[in-house]
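Enquirer: Can you look at this prediction? I've put the sequence above it.
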Amino acid sequence: MNESLPARAALYEELLRRLASGVRAAQLYAPDHPLVARNMEGLMTALRQLHQQMPAVAVGIVGTELVVADTPMSKVSASMAEFIRRLKDHHVERIAFERGVTQAELVGLMQQLARLSGRAPIDAEKELSSAHVRVGRLKAEDRKEDGLAGDMAAIRQLYTNAVAAAETVWESALREGMPDMPAALQAVDGLADAVTQNRTALVALTAMRNYDNYTFTHMVNVSILTMGQARALGIDGRLLREFGLSALMHDIGKVRTPKAILNKPDKLTDEEFTIMRRHTVDGAEILRRTPEMPILAPVVAFEHHLRKDGTGYPFGVKRASLNVGTMLCSISDVYDAMRSQRAYQEAHPTDRILAVLKRSDGQQFDQHLVRRFVQLLGIYPPGNLVKLNTGEVAVVLATHAPDPYRPRVRVLFASDGTRLDLPFERNLWEPRGERAETDSVVAPVDPAGYGIDPLNFLEMRAS
């Protein structure tokens, strides 16, 4: 399982301690001295533990602080302060250790760092880097894919903040009869920027499971998935944010639904379902009288359970056509609800969810939009851990629109189940080696059984 945050922080501190002592030992002793070897063994142990959770560990210098894997380290000893000064004098602001690093590489790095004092500035990237150690300056592209911070740590924080904002929006609507607009707008602004600039990473994050927080994560997920679809259709700017805000608010009418019905673990009775269905009308009413709410929001709240063929609810409502915002939100709503495990429902795999979206001969949902949705997510969305027909286990990095069963993946485990020291990427739609046939995904697998967080392996593409 994943390391807890305190345990991870302790490993970061141990990594820094071993780095500093390794440099000191290299200044005093020959490379083959037992003390040097002991320090390197300790450094290797710390790195191996961290590499179980992430493909690379970066130590960065920001001002006078050390940052390990995006975590500022407050405890900096006098020896570390001197170490920081020496590195900065030689324009070394970042040292990244990739999985597969050898003890020989670490010994060489320590010897080079030990000789920095008193030397003229060097080309650190060329002189200090090796096959699995990357040394150099912090650059904008180290932290950004194409504008917004692309590393998963920043994306995770953005998502967490949005879920907290969704809770604020809900509680405000529950207590005061109107959602908190500043909280909603701030959340949607950040998500819209992320969807525009790093859609794959953010959409992958919607697969996070938080059963206790389902109401709020569902609000955020539907908003992200709706904006992801809208952006793929060329919608951006203010209209993209209106789509996202409307999707965030689509279920707000449920604040008037009795909690006994809303949280019932069993199937609802006909009478209870009649009460539940009122949330579409209640939501439209709440949003219609909320100042500064886009006119699209009450429309989506009212329509999101209507279907193109006239089924769905509110009963008796007929539309010649549904708003495109409604149709995108409805697809996102069904998808996220079906893939989420709750007390009364097991999570469904993506292929079954897509079959539901295509049912009734494609008359309930716009099939052009469903096809675009499949292109956005694939049968196996980015961030999913999957088993290949070769027996290997990989994390999905990107979809391949022409063949959703053959995405781009990073292989993490060999066919015999052993963890690879050097994971590698593969385009499943391309023949491998001299074989004419291509590989494919056969099934999703539970990452808990492998003790990893697949989202960590998206960092290498986003940073």
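Expert: Happy to help now that I have it.
Enquirer: Low-confidence regions, the stretch 351-463 of the chain specifically.
Expert: Flagging of the stretch 351-463 of the chain using pLDDT under 70 yields the residue ranges 360-362, 433-436, 459-463.
Enquirer: again, only this time at 50
Expert: The stretch 351-463 of the chain contains residues with pLDDT under 50 at 460-463.
Enquirer: so what's the closest residue to D180 other than its chain neighbours up against?
Expert: Leaving aside its sequence neighbours, D180 sits nearest to S172 (C-beta to C-beta, 6 or more residues apart in numbering; 3.8 Å). The C-beta positions use only the backbone N, C-alpha and C, and glycine is treated the same way. S172 sits next to 178-180, 183 when contact means C-beta atoms under 8 Å, 6 or more residues apart in numbering.
Enquirer: which SS state does S172 fall under?
Expert: Three-state call for S172 (DSSP: H, G, I helix; E, B strand; the rest coil): helix.
Enquirer: Ok, P31 next?
Expert: Under three-state DSSP, P31 comes out as coil.
Enquirer: Which single one of the contacts of S172 is nearest to A192?
Expert: Closest to A192 out of the contacts of S172 is A183 (15.0 Å), distances taken as C-beta to C-beta.
Enquirer: Looks like the closest one contacts A173 (just checking).
Expert: No. Applying C-beta atoms under 8 Å, one finds A183 not in contact with A173, separated by 10.9 Å.
Enquirer: Which one of those two is surrounded by more residues?
Expert: Legend: neighbour count by other C-beta atoms under 10 Å for A183 and A173, higher for A173 (23 against 20).
Enquirer: Low-confidence stretches in this protein?
Expert: For the chain (pLDDT under 50), the answer is 1-3, 139-150, 344, 460-463.
Enquirer: show me the residues around the residue most central in space within it that make contact.
Expert: A centroid search over the chain (C-alpha atoms, centre = their mean) returns L205, at 3.1 Å, as the residue closest to the centre. Neighbouring residues of L205 by C-beta under 8 Å, 6+ apart: 152, 155-156, 159, 224, 383, 455.
Enquirer: Hmm, V169 is touching Q186, no?
Expert: No. Counting by C-beta under 8 Å, V169 does not reach Q186; the two are 10.4 Å apart.
Enquirer: just the contacts of S172 now: which is nearest H400?
Expert: Closest approach between the contacts of S172 and H400, by C-beta to C-beta: A183, at 37.6 Å.
Enquirer: residue contacts, the closest one?
Expert: A183 touches 165, 168-169, 172, counting by C-beta under 8 Å, 6+ apart.
Enquirer: now the strands: where do they sit in the chain?
Expert: Using DSSP state E, the strands assigned to the chain run over residues 56-62, 65-68, 71-73, 94-98, 133-136, 385-388, 393-398, 408-413, 419-427, 441-444.
Enquirer: Compare those strands and give me the one nearest Q229.
Expert: Checked against C-beta to C-beta, the stretch from the strands of the chain lying closest is strand 393-398, at 16.8 Å.
Enquirer: Kindly export the closest one (C-alpha atoms) in CSV.
Expert: Extracted as CSV, the C-alpha positions of strand 393-398 are listed here (Å, rounded to 0.1, in the frame of the first residue of the first chain):
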residue,chain,number,x,y,z
VAL,A,393,0.9,-5.1,-16.0
ALA,A,394,1.0,-1.5,-17.1
VAL,A,395,-0.5,2.0,-16.3
VAL,A,396,-2.4,3.7,-19.1
LEU,A,397,-0.7,7.0,-20.2
ALA,A,398,-2.8,8.1,-23.1
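Enquirer: What pairs with it, parallel or antiparallel?
Expert: Using DSSP bridges, strand 393-398 pairs in its sheet with strand 385-388 (antiparallel), strand 408-413 (antiparallel).
Enquirer: Give me the distance from that strand to the chain's centre.
Expert: Centroid separation between strand 393-398 and its chain, computed with C-alpha atoms, centre = their mean, to the nearest Å, is 13 Å.
Enquirer: ok so, going back, who has more neighbours, V169 and Q186?
Expert: Regarding V169 and Q186, a neighbour count based on other C-beta under 10 Å identifies V169 as having more, with 26 against 15.
Enquirer: ok, the nearest residue to F424 once chain neighbours are set aside to Q53 distance?
Expert: Using C-beta to C-beta, 6+ apart and skipping residues adjacent in sequence, the residue nearest F424 is V411, 5.7 Å away. Using C-beta to C-beta, to the nearest Å, V411 is found at 17 Å from Q53.
Enquirer: Then A284?
Expert: Using C-beta to C-beta, A284 is found at 45 Å from Q53.
Enquirer: Please say which of the two ends up with more neighbours.
Expert: More crowded of A284 and Q53, by other C-beta under 10 Å: A284, with 21 against 17.
Enquirer: I'd say that one and P298 touch.
Expert: Yes. Between A284 and P298 there is a contact at 4.2 Å, judged by C-beta under 8 Å.
Enquirer: Now for these two: what residues contact both?
Expert: Contact with both A284 and P298 is made by no residue, according to C-beta under 8 Å, 6+ apart.
Enquirer: before we move on, the earlier item: what sits against the residue nearest to F424?
Expert: V411 makes contacts with 388, 392-394, 420, 423-426, as judged by C-beta under 8 Å, 6+ apart.
Enquirer: Which residue, neighbours along the chain excluded, lies closest to F216?
Expert: Excluding its sequence neighbours, the residue lying closest to F216 (C-beta to C-beta, 6+ apart) is A166, at 4.2 Å.
Enquirer: so what's the residue nearest to F315 when sequence neighbours are not counted up against?
Expert: Leaving aside its sequence neighbours, F315 sits nearest to R277 (C-beta to C-beta, 6+ apart; 7.8 Å). Counting by C-beta under 8 Å, 6+ apart, R277 touches 305, 313-315.
Enquirer: In JSON lines: those, plus distance to N39 and neighbour count.
Expert: Output for the contacts of R277, formatted as JSON lines (distance: C-beta to C-beta, whole Å; neighbours: other C-beta atoms under 10 Å):
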{"residue": "H305", "distance to N39": "63", "neighbour count": "19"}
{"residue": "Y313", "distance to N39": "68", "neighbour count": "17"}
{"residue": "P314", "distance to N39": "70", "neighbour count": "14"}
{"residue": "F315", "distance to N39": "73", "neighbour count": "8"}
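Enquirer: Between the residues you listed, which sits nearest G108?
Expert: H305 (63.3 Å).
Enquirer: So A7 versus Q53, what's the distance?
Expert: Counting by C-beta to C-beta, the separation of A7 from Q53 is 10 Å.
Enquirer: I should have written V92 there, sorry.
Expert: As judged by C-beta to C-beta, V92 and Q53 stand 25 Å apart.
Enquirer: How about T350?
Expert: Counting by C-beta to C-beta, the separation of T350 from Q53 is 26 Å.
Enquirer: now do D89
Expert: Counting by C-beta to C-beta, the gap from D89 to Q53 is 32 Å.
Enquirer: go on, P407?
Expert: Counting by C-beta to C-beta, the gap from P407 to Q53 is 23 Å.
Enquirer: before we move on, what about L357?
Expert: The gap separating L357 from Q53 is 35 Å, by C-beta to C-beta.
Enquirer: V386 pairs with what?
Expert: Under DSSP bridges, the beta-bridge partners of V386 are A394, P444.
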